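J.: pasting the structure only:
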């Protein structure tokens, strides 16, 4: 498409507390966080920047239409570590012959999955 670089610049989460959510994701991914101001924070999760912007409204729907898949070596261990940071496990670990996943939510309810395989 003309005029489009075909590269995603960043993934942006709407949230109530950008600094707190950036700190959660920073700890989860082991990537540096930068809080620009009370309304904007980022985590440099190579190869993409994850950004958090303050919005006045809360999460409107219980189910995300988009979520992040985070690679894990040990699904139960990753889920437990995320829960210690404030995440919530939303389901059981599901495994088949090729890999598995567990659905989680960050402290503001944004869903993500730990995946293997």
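T.: Perfect, thanks for sending it. All figures in this text were calculated on a predicted structure; none of them were measured in a lab. Residues are numbered from 1 along each chain as shown.

J.: and residue 78, that's in a strand?
T.: No. Using DSSP: H, G, I helix; E, B strand; the rest coil, the assignment for residue 78 is helix, not a strand.

J.: neighbours around it, how many?
T.: By other CB atoms under 10 Å, 21 other residues sit near residue 78. All C-beta spots, glycine's among them, are computed from the backbone N, C-alpha and C.

J.: one more: the one 3 residues further on?
T.: Under the neighbour criterion other CB under 10 Å, residue 81 is assigned a count of 15.

J.: show the pLDDT at it.
T.: Residue 81 carries a pLDDT value of 97.

J.: next: residue 59.
T.: On pLDDT, residue 59 comes in at 70.

J.: residue 113: how many residues sit nearby?
T.: 18.

J.: may I have the beta-bridge partners of it?
T.: residue 69, residue 103 (DSSP bridges).

J.: can you tell me which helix in this protein is longest?
T.: helix 18-29 (DSSP state H).

J.: quickly run through the sheet partners of the helix or strand following it, with directions.
T.: Sequence-wise, the next helix or strand downstream of helix 18-29 (DSSP states H and E) is strand 33-37. As defined by DSSP bridges, the strand partners of strand 33-37 come to strand 40-45 (antiparallel).
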